[in-house]
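Peer 1: Need a 3D model of the sequence below.
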Amino acid sequence: MENKTNNTEGQKLWLGWVASFAASAAFLTLLLNVFAVKEMFCLEFAHSKNEMKDIIMGIGGKDGAVKYGILKMNTIADFGFLASYSLLALFSLKLLLHGLEMKHSHWMVYALAFITGFLDCVENAHLLMSGIYEKPFFSIVYFFAVRLKWGFGIFVLLLVVIIFLYGLVLAIRALKKKMVAIVASIRKE
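Peer 2: Model prediction:
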């Protein structure tokens, strides 16, 4: 009975992982194609208010209001992306721990999964304020939140890639098992 419960729990985790992966891909596509800010990486790593302003002025559009409007829309869409990638991180961690047969409902799992999204929220709050008030909103909190976000984000990205590859291996094994069963049933006939 425990194996069936364990299998059902694993299926639910994979379903959540696939859904959050699809949502992350959809929001990323939206960010890169509809509300694109090509200068975003440089903007995130700006060292000062003046540098931030110069980068914002490089965003497409003819006047400052349009540039700040594009930044605002990009930031709003990024909130959807950060929610979906935070869930993707959570399901990835839970799948990793589930595969290792370790407890995955501990508060540390949630803290690790959502720290990147929290730091991204801090960054987005600064960028959204910049877009709303049409002037750079820079602080030391922004400066360090961005750098910590990327530090944790690299961990999340590696984890997602590992779980993706693990899922691919499991899918190939399941397909191979089905093919063997089909061939065996054909030979019986």
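Peer 1: per-residue pLDDT, the residue nearest the centre of the chain?
Peer 2: With distances taken as C-alpha atoms, centre = their mean, Tyr85 lies nearest the centre of the chain, 2.3 Å away. pLDDT recorded at Tyr85 is 97.
Peer 1: element containing it, please.
Peer 2: helix 64-99 (DSSP states H and E).
Peer 1: Quick one: name whatever helix or strand follows that helix.
Peer 2: helix 107-133.
Peer 1: what comes up buried for that following helix?
Peer 2: Using 16 or more other C-beta atoms under 10 Å as the test for burial, helix 107-133 gives 109-110, 112-131. Where C-beta positions appear, they are placed from N, C-alpha and C, glycine not excepted.
Peer 1: distance between it and the chain's centre?
Peer 2: 12 Å (C-alpha atoms, centre = their mean, to the nearest Å).
Peer 1: which strands and helices sit next to it?
Peer 2: Other helices and strands packing on helix 107-133, by 3 or more C-beta pairs under 8 Å, 6 or more residues apart in numbering; DSSP states H and E, are helix 64-99, helix 140-188.
Peer 1: Make JSON lines out of these and add distance to Ile56.
Peer 2: Below are these laid out as JSON lines (distance: least, C-beta to C-beta, whole Å):
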{"stretch": "helix 64-99", "distance to Ile56": "6"}
{"stretch": "helix 140-188", "distance to Ile56": "13"}
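Peer 1: Deepest-packed of those, please.
Peer 2: Highest mean neighbour count of these: helix 64-99, a mean of 20 (counted as mean count of other C-beta atoms under 10 Å).
Peer 1: How far does that one sit from its chain's centre?
Peer 2: With C-alpha atoms, centre = their mean, you get 5 Å for helix 64-99.
Peer 1: quick one on the thing from earlier: and the helices and strands packed on helix 107-133: which comes nearest Phe41?
Peer 2: helix 140-188 (9.5 Å; C-beta to C-beta).
Peer 1: any idea how far the residue nearest to the centre of the chain is from Phe27?
Peer 2: Noted for Tyr85: a distance of 8 Å to Phe27, by C-beta to C-beta, to the nearest Å.
Peer 1: Give the residues shared as contacts by the two.
Peer 2: By C-beta atoms under 8 Å, 6 or more residues apart in numbering, Tyr85 and Phe27 have no common neighbours.
Peer 1: Please list all residues in contact with the residue nearest to Gly153 when sequence neighbours are not counted.
Peer 2: Leaving aside its chain neighbours, Gly153 sits nearest to Thr116 (5.0 Å; criterion: C-beta to C-beta, 6 or more residues apart in numbering). Contacts for Thr116 were tallied using C-beta under 8 Å, 6+ apart; they are Leu82, Tyr85, Ser86, Ala89, Lys149, Phe152, Gly153, Phe155, Val156.
Peer 1: swap the cut-off to 10 Å and go again
Peer 2: By C-beta atoms under 10 Å, 6 or more residues apart in numbering, Thr116 lies in contact with 82, 85-86, 89, 148-157.
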